[in-house]
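Student: Sequence first, predicted coordinates after that:
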Amino acid sequence: MSLPILSLLLWSPALCALLVMLCSRFSAITAQWVGLLGSVAIFALSMVLYVDFDITTAQMQFVEKIAWIPAFNIHYYLGVDGISLPLILLSTFITILSIASSWRSVKKNLPQYIALFLLLESFILGVFMALDAILYYVFWEALLIPMFLIIGIWGGERRVYASVKFFLFTFFGSIFMLVAFIYMYYIGGSFEIIDMHLLPLEFTEQGWIFWAFFLAFAVKIPMVPVHTWLPDAHVEAPTAGSVILAAILLKMGGYGFIRFSLPIVPDAAAYFDWVVVLLSLIAVVYIGFIALVQKDMKKIIAYSSISHMGFVTLGFFVIYAMPLNVSASVLALEGGVVQMISHGFISAALFLCIGVLYDRMHSRNIDDYGGVATVMPAFGFFAVLFAMSNSGLPGTSGFVGEFMVILAALQANVWWALIAGLTLIIGAAYTLWMVKRVFYGKPIAEKVLTLQDLHWIEKSVFIALAFCIVLFGFWPDPLVDVMHASIANLFELATSTKISN
Amino acid sequence: MLIALPEILTLALALLVLIVDLCFEKRVWVSMSVSLLGLGAILIVLLNMADTPDQSAFYGHYQFDQVALLLKASTILLTMIAIVYAYSYLSHSAAFSETEDMFRGEYFTLIILALLGMMVLISSGSMITAYLGLEMSSLTLYGLVAWNKRHFISSEASVKYFVLGSIASGLLLYGMSLVYGATGTLLLNDITFDIQQSGNLLLFGLVFMLVGISFKLGVIPFHMWLPDVYHGAPIVVTTFLSSVAKVAMFGLLFRLWAESIEESHQQTDMMLKIIALGSIVLGNVVAIAQKNIRRLLAYSSIAHMGFVVLGVLVASEEGYSSALFYVIIYALMSLGVFALLSFFLFKNREINELEELKGLGYRYPWQGFLLLVLMFSLASIPPTAGFYAKLLVLQSVIGADLIIEAVIALIFSVIGSFYYLRVVRYMYFDKTSNNEDLTFVLSQKGWNSTDRIIMLILSGNILLLILLGIYPTPLIEWSVAAMLY
């Protein structure tokens, strides 16, 4: 029997969290180091997956399957394919950064904070690895607990409101998914996601299941009009909490759409595609305008996240507008996934930038700043780079995904592409305007003049992120190659009808 | 007649503890140890009967089956844990304000007698036995609620409980007599409820029986006593009332209702549906408005019992086993949460208001963590056992094609999760200066070895919820197997 690498990867963050808590009884510093080094080791372990991954097949790989609750045919069933692998790597990578970035900025109960992040990492990995619907749901719900505590304990002024709102919104969305899972279990007799992909369903059933899934994933990703929890949660969460939230938790919604909605209910997805496309376009444009008028930097990035995630859903559902155009559809799906990964890096980077400023000035208000670049040149360089990639500058990863989606949308419907393309203008407007007001001009406040430039920990975090953003901007192949076979398979499932006659 | 051996031994034990208590009046630990050892022995005797085939005795008035085994085993085990908690609480109670002379050995006699009643109830084969067992446990519980006898609220709760409980028992008995009139038999196995044929008399009787059962179970619209009693009773009694008694009352529901109604009927289904969904809706919504944590937990208990009734409503083996699993998990959670709260004092009296929990998570990190686990388990968030309880009920409900009901129940349990989160919020999110008024009884004067052991048991009780949350299989399999008769 080979080494159960997925289980190892899945549970080592949780064990590491336990270790951190144990160490914190003796020395906080040791505990912090254990947490940081542990997360690096976990990332290294996840790279093993990447190296051993076979890119030629759409089959689930590294599969582990053990009976868990035999009475209801529920299994402990893990596996990875080309769609979940990049997200797993993203999660392990971002966790390192979020732990490293809180090193200096969190003053209260740092070991507990780190332990919660590691626990969260375990649950996140579980979501991306689970191939049994109940196992998936367990992880999906479980990660609300650490996130709720992170926002509630270490958050800002209105943390209670934000954390409870976050919890209730997501919890409310996901219960319908649970009902859909159980319903499908009674039809098909299995909770395995792959069996559900092949389960024949009538159109009415598909419609109900589609909306059940839609509620769960639309809240998570989030789409208009159920996005209102996100700005609150982002603004109140501590920096690293915002980073994880934007970089990874939102991706779970996108992952849900392509793992569940498209393959399980293809006919309903094809029928209701216009709803999703419409909401995506609204998100791209309308939320972009909302971002433009914000005064709080974190709110701008939060709204920008919603707007960018609109591209992801657009990419996933635009395929139904061009059922015969295989290459464009695959391009759209891949574009959506690339956009998820790239947004993971960019939003993390931007939230970390705001965190750097907040640690020094204790303000997120744009009006309090000005001329930061004159006193923090290194920081200014990184911030401008990240802002550029957020507005989709060619040569950064932000461009690749958006470009792929727009290119595909162009072949489906010119107007959609045109509206989606507006984001290149609006996105640039709100991001660069913010950069201009914060980093350039004359320093208004005296306090700005006393700012210290980046600490080495912050610098190394930013270098790592900048490297990824530029690397995938110029050379997205490592990412696209991995997912190619799985996306082709997904396209196959998403466009073949399940209705019997 | 040996299938009644556990009950016979329990009766003997109750009398023994009474005598022991007379001899060692000042040394309560002796009575406690005798009760614990006795109950342990009874549990072993009971578990040795696991392979006994289903059978009845006393001309069918008494029956033994796998459901009885599982329910009795869990009531005995939960009672043992409750006795340990109670001993610790009572031994410290002399120092509390508003309490008087609570540390007496009769407490254990009463608890064991209540347990005896519950065991008889669980094993009942006829309506008479069920009623006998029910009254036996109820009467002792009325006494226990007034344990803090000079305390005003405690006495008030006891009288309220007694009066309302007696009315409910009366209604139950009246219903039984009508059912007897309609069917001509008292034995549950002989009763075939064919409502279409027997007509309105039977239905009339059933309604009265359901009223009595609902009262004892604490579901709407007969729930009014619950918050008052949970609030007024000494908190150790609430611990017992909300855990062990709930398991036994599931036995009542199962024996009198589920087992005798073989197939579901439109009229009876409708009643159960209203009771189940109404409890879930009302329990969860009203709990939001509570400021007193014990009343909050009382309403939460109403909502949870609604889920149990929902499982019974399905009227399939799957439904019954899910309800059985639910009630056992709920009892574990309830036992843990009330026991943990019983060890906290605010200004030297029992904890009442939610606000008194402020800063608990920082002042007592481990206890705070335990309460956190309990709250998420009560809100049925995985990976805690509470999730699987809800999952199983939902599974059986959806399997019976009651999807709307499942969705309503779920929506209201999301609304309900709000007040559990509020407890967490008070513990962790409010930045207060150290809450000096809040003390943990066990560590008040440093840890001695008894306190350590009790803390260990309490932690084990609560961590079991996580353990069952990761691997719930043994208990699920047992509940499923028990219903396959």
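Tutor: Done, it's in. Numbers count the residues shown, from 1 in each chain, chains lettered A, B, ... in the order given.

Student: Check which helices and strands the helix or strand of chain A with the lowest mean pLDDT sits against.
Tutor: Least confident element among the helices and strands of chain A, by mean pLDDT, DSSP states H and E: helix A:446-449 (a mean of 77). Helix A:446-449 sits against helix A:372-375, with contacts defined as 3 or more C-beta pairs under 8 Å, 6 or more residues apart in numbering or on different chains; DSSP states H and E. No exception for glycine: its C-beta is placed from N, CA and C like everyone else's.

Student: Tell me how many other residues surround the nearest residue to residue B:115 once chain neighbours are set aside.
Tutor: Leaving out its chain neighbours, the residue that sits closest to residue B:115 by C-beta to C-beta, 6 or more residues apart in numbering or on different chains is residue B:79, at 5.0 Å. Residue B:79 has 29 neighbouring residues, counting by other C-beta atoms under 10 Å in any protein chain shown.

Student: where's residue B:79, which helix or strand?
Tutor: Element membership for residue B:79, per DSSP states H and E: helix B:66-92.

Student: average pLDDT across that helix?
Tutor: Averaged across helix B:66-92, the pLDDT comes to 91.

Student: In whichever strand or helix holds residue A:160, which residues are buried?
Tutor: Per DSSP H and E, residue A:160 falls inside helix A:159-188. Using 16 or more other C-beta atoms under 10 Å in any protein chain shown as the test for burial, helix A:159-188 gives A:159-160, A:162-185.

Student: which SS state does whichever residue of the stretch 251-400 of chain B sits closest to chain A fall under?
Tutor: Nearest to chain A in the stretch 251-400 of chain B, going by C-beta to the nearest C-beta, is residue B:382, at a distance of 4.1 Å. Assigned by DSSP: H, G, I helix; E, B strand; the rest coil, the conformation of residue B:382 is coil.

Student: Quick check: phi and psi at the closest residue to it other than its chain neighbours.
Tutor: Counting by C-beta to C-beta, 6+ apart, residue B:382 lies nearest to residue A:138, which is 4.1 Å off, once chain neighbours are set aside. The phi/psi pair for residue A:138 (degrees, to the nearest 10) reads phi -60, psi -50.

Student: State the distance from residue A:138 to residue A:68.
Tutor: Note on residue A:138: its distance to residue A:68, by C-beta to C-beta, to the nearest Å, is 10 Å.

Student: all helices for the stretch 1-150 of chain B, in order.
Tutor: In chain order, the stretch 1-150 of chain B shows helices spanning B:5-23, B:28-48, B:66-92, B:106-122, B:127-145, with DSSP state H, counting those that start in this stretch as the criterion.

Student: With only the CA atoms kept, save the first one in PDB.
Tutor: Right, helix B:5-23. These are the backbone C-alpha positions of helix B:5-23, laid out as PDB (Å, rounded to 0.1, in the frame of the first residue of the first chain):
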ATOM      1  CA  LEU B   5     -33.300  -7.900  36.700                       C
ATOM      2  CA  PRO B   6     -31.900  -4.400  36.100                       C
ATOM      3  CA  GLU B   7     -35.000  -2.800  37.500                       C
ATOM      4  CA  ILE B   8     -35.100  -5.100  40.500                       C
ATOM      5  CA  LEU B   9     -31.500  -4.300  41.300                       C
ATOM      6  CA  THR B  10     -32.100  -0.600  40.800                       C
ATOM      7  CA  LEU B  11     -35.000  -0.700  43.400                       C
ATOM      8  CA  ALA B  12     -32.700  -2.600  45.800                       C
ATOM      9  CA  LEU B  13     -30.000  -0.100  45.200                       C
ATOM     10  CA  ALA B  14     -32.300   2.800  46.000                       C
ATOM     11  CA  LEU B  15     -33.300   1.300  49.300                       C
ATOM     12  CA  LEU B  16     -29.700   0.400  50.100                       C
ATOM     13  CA  VAL B  17     -28.600   4.000  49.500                       C
ATOM     14  CA  LEU B  18     -31.400   5.200  51.700                       C
ATOM     15  CA  ILE B  19     -30.100   3.000  54.500                       C
ATOM     16  CA  VAL B  20     -26.400   3.800  53.900                       C
ATOM     17  CA  ASP B  21     -27.400   7.500  54.100                       C
ATOM     18  CA  LEU B  22     -29.000   6.900  57.500                       C
ATOM     19  CA  CYS B  23     -25.800   5.400  58.800                       C
END
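
Student: Buried residues of it, list them for me.
Tutor: Within helix B:5-23, the residues that count as buried by 16+ other C-beta under 10 Å are B:6, B:7, B:9, B:10, B:11, B:13, B:14, B:16, B:17, B:18, B:20, B:21.

Student: Residue A:203: which of these is nearest?
Tutor: residue B:6 (56.5 Å; C-beta to C-beta).

Student: number of nearby residues for the closest residue to that closest one other than its chain neighbours?
Tutor: Using C-beta to C-beta, 6+ apart and skipping residues adjacent in sequence, the residue nearest residue B:6 is residue B:46, 4.7 Å away. By other C-beta under 10 Å, the residues close to residue B:46 number 21.

Student: Who are the contact partners of residue B:46?
Tutor: Residues in contact with residue B:46 (C-beta atoms under 8 Å, 6 or more residues apart in numbering or on different chains) are B:6, B:69, B:72, B:73, B:76.

Student: Between which two of those residues is the distance greatest?
Tutor: B:69 and B:76 (10.8 Å).

Student: if we can go back for a sec, my guess is the residue of the stretch 251-400 of chain B closest to chain A contacts residue A:144, does it?
Tutor: No: counting by C-beta atoms under 8 Å, residue A:144 is not a contact partner of residue B:382; they are 9.5 Å apart.

Student: Quick one: the strands in the stretch 51-200 of chain A, in order.
Tutor: In the stretch 51-200 of chain A, the strands defined using DSSP state E, counting those that start in this stretch lie at A:61-69, A:74-80.

Student: Single out the most deeply packed of those strands.
Tutor: Among the strands of the stretch 51-200 of chain A, strand A:74-80 has the highest mean neighbour count (mean count of other C-beta atoms under 10 Å in any protein chain shown), at a mean of 22.

Student: and that strand, average pLDDT?
Tutor: Average pLDDT, strand A:74-80: 92.

Student: before we move on, the earlier item: out of the helices of the stretch 1-150 of chain B, flag the one nearest residue A:296.
Tutor: Of all the helices of the stretch 1-150 of chain B, helix B:66-92 sits nearest to residue A:296, with 49.3 Å by C-beta to C-beta.

Student: Pull the distance from that closest one to the chain's centre.
Tutor: The chain centroid and the centroid of helix B:66-92 are separated by 11 Å, computed with C-alpha atoms, centre = their mean, to the nearest Å.

Student: so after the helix or strand bottoming out on mean pLDDT in chain B, what's the next helix or strand?
Tutor: Here the helix or strand of chain B ranked lowest by mean pLDDT, DSSP H and E is helix B:195-198, holding a mean of 62. Downstream of helix B:195-198, the next assigned helix or strand under DSSP H and E is helix B:200-217.

Student: Which residues of chain A lie near chain B?
Tutor: With C-beta under 8 Å from any C-beta of the partner chain as the criterion, chain A meets chain B at residues A:68-72, A:134, A:137-139, A:141-142, A:144-145, A:148-149, A:152-153, A:159-160, A:163-164, A:167-168, A:171-172, A:175-176, A:178-179, A:182-183, A:185-186.

Student: State which helix of the chain is the longest.
Tutor: As the question left the chain open, I've gone with chain A. The residue-count maximum for a helix in chain A (DSSP state H) belongs to helix A:326-361.

Student: Chain B, not that one
Tutor: Using DSSP H to define each element, chain B has its longest helix at helix B:152-183.

Student: just checking, what packs against that helix?
Tutor: Packing partners of helix B:152-183 (3+ C-beta pairs under 8 Å, 6+ apart): helix B:127-145, helix B:200-217, helix B:225-232.
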